[in-house]
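1. Sequence first, then the predicted structure, then my questions.
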Amino acid sequence: MGNLSNDVRTEKLGELFKSVSKWLIGLSLGLFSLFLTIQGITSAQYDGISLRAAKYAVSSSVPIVGGFLSGGLDLVLAGSALIKNALGSFAVFMLFATLLRPLVLLVVFQLFLRLAAAATEPVGGKTSAFLGHLAGDMGYFIAGILCVAFLYFLTLLLLICSSGVIF
């Protein structure tokens with residue numbers, strides 16, 4: 001709005017919002033990555049312990065066929081890992097398919113804003129500056145979408161690569 005009127009000055013407010021946006025994106029990426037890393041490290045230990053406990057419980061509590069069922073538990077876990085990997089691959093495909101439309105729309109909108117800023121520069125300096133700043137600020141929306149997609153992909157990657165227990 002500061003570009004449309006000489007009386008209203010909002011440059012510092014805009015700089016504040018840009019700085020807060022950068023900090024929020026950086027902190028959210030850092031904290032979520034740290035959370036997933038710690039969770040991934042600890043889940044491997046729990047999965048190994050729970051698998052051994054389940055095998056022992058099945059083999060000792062079921063008479064006659066307990067050993068057979070305990071061996072079949074490995075087959076069940078392998079099958080669940082196969083299903084989980086297939087669903088994980090489908091989830092990654094759906095992530096890209098879902099991400100493509102809004103990302104293309106925002107990039108095209110930013111391109112048109114830059115084109116409109118260039119076209120209006122000879123006629124109106126304030127309008128051209130407004131459109132140019134708006135096009136620059138569209139980058140924050142694109143960065144936000146890409147950050148959320150990256151964090152979702154990271155979560156999917158950790159789920160796909162985790163142990164064979166169904167999630």
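-> Great, that's in hand. This one's a predicted model, so the numbers in the text were calculated from it and none came from an experiment. Numbering: from 1, shown residues only.

2. Show me where this structure has its helices.
-> 11-61, 66-120, 125-161 (DSSP state H).

3. tell me the mean pLDDT for the shortest one?
-> Okay, so that is helix 125-161. For helix 125-161, mean pLDDT is 81.

4. packing partners for it?
-> Helix 125-161 sits against helix 11-61, helix 66-120, with contacts defined as 3 or more C-beta pairs under 8 Å, 6 or more residues apart in numbering; DSSP states H and E. C-beta here means a position set from N, CA and C on the backbone, and glycine is covered the same way.

5. among these, which gets the worst mean confidence?
-> Out of those, helix 11-61 stands lowest, with a mean of 71 (criterion: mean pLDDT).

6. For His133, see how far away Arg114 is.
-> To His133, Arg114 is 11 Å away according to C-beta to C-beta, to the nearest Å.

7. which neighbours do the two share?
-> Contact criterion C-beta atoms under 8 Å, 6 or more residues apart in numbering; residues shared by Arg114 and His133: none found.

8. What distance do you get for the residue lying closest to Gly139 once chain neighbours are set aside to Leu131?
-> For Gly139, ignoring the flanking residues on the chain, the nearest one in space by C-beta to C-beta, 6 or more residues apart in numbering is Gln110 at 7.0 Å. To Leu131, Gln110 is 11 Å away according to C-beta to C-beta.
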